[in-house]
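In: below: sequence and its predicted model.
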Amino acid sequence: MSLGKFDGVHRGHATVLQRVKTHSLRWGVPSIVVSFDVPPISILKPDLTPVPLCTFHRKAELISELGVEAIVQIQTDASLLKLSANEFFQRFFLDKLGVRMLVEGENFTFGKEREGTVPLLRELCDKNKIALETVPSLVENGQEISSSRIRMLINGGHIETANAMLTEPYRISGVVVHGDHRGRTLGFPTANLEEIRTILPRPGIYACSCKIGETTYPTATHIGFNPTFAQDVLKFEAYLIGFEGNLYDTRLNVDFHARIREVEKFDSPKKLVEQMNRDVRRVIEVVSQPKRGPLSLVFRGEGEGK
């Protein structure tokens with residue numbers, strides 16, 4: 001098993017989870033991930049809590065797609081955060097799960113104030129006859145792949161670079177609500193999403209896709225204000241190209257592929273429509289491109305650890 005936040009389930013996480021799966025098959029035991037319902041920092045320092053890259057439900061989906069058999073959710077509360085590293089190890093790794101082998105990243109910490117480091121973990125594992133493997137971080141273009149770096153890229157609108165580090169395209173999930181229906185009058189009926197719990201990319205027009213039933217629709221997505229109509233309310237509007245139907249009150253999953261352009265103010269609705277037609281053609285072009293191949297990654301360091 002492996003314990004961690006696994007926010008976004010990026011390719012560095014995938015490397016750890018692939019090792020978990022490999023060892024579970026070798027040992028003939030289940031492969032398990034243990035993660036937190038909310039990150040500990042949300043209780044310790046709520047003002048500093050970063051907006052997540054994915055919901056827990058999405059995290060479980062992505063981890064399952066990598067072949068892990070189960071994900072255990074730990075409820076994060078004040079009593080949990082008071083556990084020393086030794087107490088945390090005893091309660092979760094020994095008493096509750098009876099771990100045979102742990103696989104963790106090289107920067108893994110656990111217990112109160114992150115006092116549990118990899119050397120202490122190795123000592124506790126040796127004492128309790130638990131095998132341990134530490135996996136070096138993955139780097140791309142000289143920089144470590146991390147959730148914080150991906151979050152920064154998405155916040156800046158660099159979707160393609162962020163996606164190259166994720167196991168699946170970045171997804172935003174939200175509930176479709178009624179808007180001002182202006183898109184319909186312009187010939188581009190949009191689904192307005194609210195109740196979004198993950199980080200929003202920088203305002204702009206994006207090439208996305210959205211699956212309804214068994215059909216995936218190219219989707220032109222607008223994030224931001226609407227300066228052409230002097231609206232100062234931040235909106236998330238998704239135009240599912242070719243879709244006809246009622247989506248109100250349903251939860252929609254929108255996968256991001258590329259940023260098309262900035263939000264602009266146009267002199268007239270006619271000029272806006274002309275640009276939107278160009279946007280639609282560009283979105284179809286981007287979404288129809290073959291899916292990218294595997295990212296070329298290297299280990300930082302050598303060997304698999306113990």
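Out: On my side now, so go ahead. Numbers count the residues shown, from 1 in each chain.
In: tell me where the model's unsure across this protein.
Out: 181-185, 227-232, 291-306 (pLDDT under 70).
In: ranges for the strands of it?
Out: Taking DSSP state E as the test, the strands found in the chain are 2-3, 32-36, 70-74, 101-105, 131-135, 138-140, 143-144, 171-177, 191-194, 204-212, 215-226, 231-240, 251-261, 298-299.
In: which stretch among those comes nearest Leu25?
Out: strand 101-105 (11.7 Å; CB to CB). C-beta coordinates here come from the backbone N, C-alpha and C atoms, glycine included.
In: by contact count, what packs against the closest one?
Out: Strand 101-105 sits against strand 2-3, helix 11-27, helix 118-127, strand 131-135, with contacts defined as 3 or more CB pairs under 8 Å, 6 or more residues apart in numbering; DSSP states H and E.
In: circling back: pick the most deeply packed of the strands of the chain.
Out: For the strands of the chain, the largest average neighbour count (mean count of other CB atoms under 10 Å) is found in strand 2-3, namely a mean of 24.
In: how close does Lys265 get to Gly224?
Out: With distances taken as CB to CB, to the nearest Å, Lys265 is found 11 Å from Gly224.
In: ah, wrong one, I meant Val118
Out: Using CB to CB, Val118 is found at 43 Å from Gly224.
In: in this structure Leu53 contacts Phe6, no?
Out: No: taking CB atoms under 8 Å as the definition, Leu53 is not a contact partner of Phe6, at 9.7 Å.
In: partners of the residue lying closest to Ile172 once chain neighbours are set aside in the sheet?
Out: Using CB to CB, 6 or more residues apart in numbering and skipping the chain neighbours, the partner closest in space to Ile172 is Val254 (5.1 Å). Beta-bridge partners for Val254, by DSSP bridges, are Ile172, Cys210.
In: just checking, Val254 touches Tyr170?
Out: No: here Val254 does not reach Tyr170: they are 9.3 Å apart, not a contact under CB under 8 Å.
In: the spatially closest residue to Trp27 that is not a sequence neighbour: how many residues sit nearby?
Out: Nearest residue to Trp27, sequence neighbours excluded (CB to CB, 6+ apart): Arg100, at 5.7 Å. Arg100: 15 surrounding residues under other CB atoms under 10 Å.
In: and Arg100, what does it touch?
Out: By CB atoms under 8 Å, 6 or more residues apart in numbering, the residues touching Arg100 are 27, 29, 130-131.
In: then Ser209?
Out: By CB under 8 Å, 6+ apart, the neighbours of Ser209 are 169, 216-219, 254-255, 257, 287.
In: likewise Val68?
Out: 17, 20-21, 31-33.
In: surely Val51 touches Ile199?
Out: Yes: at 4.2 Å, Val51 counts as touching Ile199 under the criterion of CB under 8 Å.
In: compare these two (neighbour count), which wins?
Out: Using other CB under 10 Å, the more surrounded residue of Val51 and Ile199 is Ile199, with 18 against 13.
In: ok, now which ones touch that one?
Out: By CB under 8 Å, 6+ apart, the contact set of Ile199 is 50-53, 151, 154-155.
In: in a markdown table: these, plus distance to Arg278.
Out: Below are the contacts of Ile199 laid out as a markdown table (distance: CB to CB, whole Å):
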| residue | distance to Arg278 |
| --- | --- |
| Pro50 | 35 |
| Val51 | 31 |
| Pro52 | 34 |
| Leu53 | 30 |
| Arg151 | 30 |
| Ile154 | 25 |
| Asn155 | 26 |
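In: select only the buried ones of the residues you listed in ChimeraX?
Out: Buried subset of these, written as a ChimeraX selection, criterion 16 or more other CB atoms under 10 Å:
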select :52,53,151,154
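In: go through stretch 106-120 and flag the buried ones.
Out: Within stretch 106-120, the residues scored as buried using 16+ other CB under 10 Å are 108-112, 116, 118, 120.
In: check the separation of the first and last residues in it.
Out: The first residue of stretch 106-120 is 12 Å away from its last residue (CA to CA, to the nearest Å).
In: returning to what we had before: turn the contacts of Ser209 into TSV, columns for distance to Ser146.
Out: Below are the contacts of Ser209 laid out as TSV (distance: CB to CB, whole Å):
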residue	distance to Ser146
Pro169	18
Thr216	30
Tyr217	32
Pro218	31
Thr219	28
Val254	24
Asp255	21
His257	22
Val287	28
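In: kindly export stretch 136-151 (C-alpha atoms) in CSV.
Out: In CSV, the C-alpha atoms belonging to stretch 136-151 read as follows (Å, rounded to 0.1, in the frame of the first residue of the first chain):
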residue,chain,number,x,y,z
PRO,A,136,12.5,8.8,-6.4
SER,A,137,10.6,11.8,-7.7
LEU,A,138,10.0,12.1,-11.5
VAL,A,139,11.4,15.1,-13.3
GLU,A,140,10.6,16.6,-16.7
ASN,A,141,12.7,19.2,-18.4
GLY,A,142,14.8,19.4,-15.2
GLN,A,143,11.8,20.1,-12.9
GLU,A,144,10.1,17.8,-10.4
ILE,A,145,6.5,16.8,-11.3
SER,A,146,4.4,17.8,-8.3
SER,A,147,0.8,18.8,-7.6
SER,A,148,1.8,22.3,-6.6
ARG,A,149,3.6,22.8,-9.9
ILE,A,150,0.6,21.5,-11.9
ARG,A,151,-1.7,23.7,-9.9
